[in-house]
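> Let's see this in three dimensions:
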Amino acid sequence: MLPEINTVIVTAYVTDYSKVFCTTQLEQSLLDILVNYELHSSVLGCLFVCVCTQSILERLNAGEVIVGDGGYVLQLERRGYVKAGHWTPEAAVEHPEAVRQLHREFLRAGANVLQTFTFYCSDDKLEISGNVTNITGTQINEAACNLAREVANEGDALVAGCVSKTPCYQKNRSETEVKAIFKKQMDNFLKKDIDFFIVEFVDCVEEAVWAVEVLKTSGKPVGATLCISPHGDMQGIPPGECAVRLVKAGADIVGVNCHLDPLTCIRTVKLMKEGLEKAGLKAHLMIQPLGFHTPECNFGGYISLPEFPFALETRAMTRWDIHKYAREAYNAGIRYIGGCCGFEPYHIRAVAEELAAERGFLPPASEKHGLWGAALEMHTKPWVRARARREYWENLLPASGRPRCPSMATPADDYD
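Numbers count the residues shown, from 1 in each chain. Modelled structure (predicted):
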């Protein structure tokens, strides 16, 4: 008799269990049980059932490494589906196939969480942008939830409903008005099948606290990430104090996202961790940095760099940079590790590959990728074959190919 297991989701029909590719330890354990109990021996088209998805907090509390997804806004702008400037997400309604495809690429690369493409999707931001006149924020929020859930159900991923900073806060600092905006978005999300919330791309902890306070009324877990530097938020509040305020407001997961590069963001999260420890508070740590080098470590982040937003390619992180980032983030005690603007699916695959031993498996996208250049062993050129080793890629100092370009820029930093 099959032992009692919490299984509810049918994911595929299979006829040969030896060909099933398991993307999680849970799926592999269940497959072993199915094989051991010979449930497939006399039935063609047997059902392969995956274990019911655990909540984000159950996973983190159990010590699991959560791999987040990457950046949507810049990637979809480059693909022709988002208009630069206000960066609003109406593509979720106008071009759902584009959003769906990017979700699917991040899932295949190893992401455990798919965020709804709802960046800057408050009604006040949509009105200011002028990008859409016949699509409401509610329509975008609901469409984005549907797309994320559809793709998440193709694997073992969770869906995070995301809110970001509002023009209203910048305009009048009205707690009542700002909270009403977050409440409306939350109500949109709660109509749909999301698993938890993320507050992201907020540069003043006060506004993030208001968002957390609203979202906690949903009864769902809440993560909160600030786009701040090691210097603190835009009002000069240090990272450690920011973390304390977020946790006291009810955040279950705290960290940083966007604005600066991975190693800089790790420094900031370490400061947040120190602040929580001094205050005797606990929370899970999260990081989703830029996929670009920003050694300037300026207060306003990459938005103040002269290359923003249309000439950032020369600053792009390599997959090997991301291996280093993933390992350093893990060693810092961070267990939710993803990316933001500039993080493409191959970057997320690099995170998943670097932490494969800790997670217990490789992502499906690794089927087409030789670890540390191993696939180059079959190359016809001997000097290329010589690069099929970890030491080569770890120690490479990539050339920019631009002899007259500086390695760093002077940020504007008149950021508001």
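
> How about Glu394: what's its closest non-neighbour residue?
Trp320 (6.4 Å; C-beta to C-beta, 6 or more residues apart in numbering). In this view, the C-beta of every residue, glycine as well, is placed from N, C-alpha and C.

> Show the contacting residues for the one you found.
Trp320 makes contact with Ala350, Trp393, Glu394, Leu396, according to C-beta atoms under 8 Å, 6 or more residues apart in numbering.

> Reduced to three states, what does the closest residue to the last one other than its chain neighbours come out as?
Leaving out its chain neighbours, the residue that sits closest to Leu396 by C-beta to C-beta, 6+ apart is Trp320, at 7.0 Å. Three-state assignment for Trp320 (DSSP: H, G, I helix; E, B strand; the rest coil): helix.

> which is the next helix or strand following the longest helix seen in the chain?
Assignment by DSSP state H gives helix 262-279 as the longest helix of the chain. As assigned by DSSP states H and E, the chain's next helix or strand after helix 262-279 is strand 284-288.

> any weak-confidence spans in the stretch 301-416 of the chain?
414-416 (pLDDT under 70).

> let's go with 50 and repeat that
In the predicted model, the stretch 301-416 of the chain carries pLDDT under 50 at residues 416.

> returning to what we had before: tell me the spacing between the residue nearest to Leu396 and Ala388.
14 Å (C-beta to C-beta, to the nearest Å).

> Next: Val351.
Taken as C-beta to C-beta, the span from Val351 to Ala388 is 22 Å.

> One more: Met378?
From Met378 to Ala388 the distance is 9 Å (C-beta to C-beta).

> Among these two, which residue is more densely surrounded?
Ala388 (17 against 10; other C-beta atoms under 10 Å).

> Now the phi/psi pair for that one, please.
When read as degrees, to the nearest 10, the backbone of Ala388 gives phi -80, psi 50.

> For it, which non-adjacent residue is closest in space?
Nearest to Ala388 is Leu376, by C-beta to C-beta, 6+ apart, at 3.9 Å.

> So that neighbour sits against Pro382, correct?
No. Under the criterion of C-beta atoms under 8 Å, Leu376 makes no contact with Pro382, lying 10.7 Å away.

> who's more crowded, the two?
Between Leu376 and Pro382, Leu376 has the larger neighbour count (other C-beta under 10 Å), namely 16 against 7.

> a helix runs through that one, doesn't it?
Yes. In this structure, Leu376 lies within a helix as judged by three-state DSSP.

> Now do the strands in the stretch 101-250 of the chain.
Here the stretch 101-250 of the chain has its strands, by DSSP state E, counting those that start in this stretch, at 113-115, 158-164, 196-202, 222-226.

> What pairs with the last one, parallel or antiparallel?
The strands that strand 222-226 pairs with in its sheet are strand 196-202 (parallel), strand 253-257 (parallel) (by DSSP bridges).

> now the angle between strand 158-164 and the shortest one, please.
Strand 253-257 and strand 158-164 are oriented at 60 degrees to each other (axes from the mean of the first three to the mean of the last three C-alpha atoms, to 10 degrees).

> got a list of contacts for strand 253-257?
Contacts for strand 253-257 (C-beta under 8 Å, 6+ apart): 56, 60, 200-201, 221-228, 239, 243, 246-247, 265, 268-269, 272, 276, 283-289, 334, 336, 340.

> surely Ser122 meets Thr166?
Yes. If you go by C-beta under 8 Å, Ser122 and Thr166 touch, sitting 5.0 Å apart.

> between those two, what contacts are shared?
Residues touching both Ser122 and Thr166 (C-beta under 8 Å, 6+ apart): Ile181, Phe182.

> so for stretch 189-199, what's the average pLDDT?
For stretch 189-199, the mean pLDDT works out to 96.

> For that stretch, measure first residue to last.
One end of stretch 189-199 sits 13 Å from the other (C-alpha to C-alpha, to the nearest Å).

> ok, and what's touching it?
Contact partners of stretch 189-199, identified using C-beta under 8 Å, 6+ apart, comprise 53, 55-57, 115-116, 141-142, 145-146, 148-149, 158-164, 186, 208, 211-212, 215, 218, 220-225, 251.

> can you give me the strands for the stretch 301-416 of the chain?
Here the stretch 301-416 of the chain has its strands, by DSSP E, counting those that start in this stretch, at 336-337.

> and Ser129, what pLDDT?
pLDDT recorded at Ser129 is 85.

> Could you tell me how many residues sit around it?
16.

> Then the one 5 residues further on?
Other residues near Asn134 come to 7 when the count uses other C-beta under 10 Å.

> ditto for Val93
Counted with other C-beta under 10 Å, Val93 comes out at 19.

> Now do Cys405 against Gln185, distance only.
Distance of Cys405 to Gln185, given as C-beta to C-beta: 41 Å.

> Format the strands paired with strand 222-226 as TSV; extra columns: distance to Leu190.
TSV is the format used below for these (distance: least, C-beta to C-beta, whole Å):
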stretch	distance to Leu190
strand 196-202	10
strand 253-257	19
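
> Determine which stretch of the ones you listed is the most buried.
Across the strands paired with strand 222-226, averaging neighbours per residue (mean count of other C-beta atoms under 10 Å) puts strand 253-257 on top, at a mean of 30.
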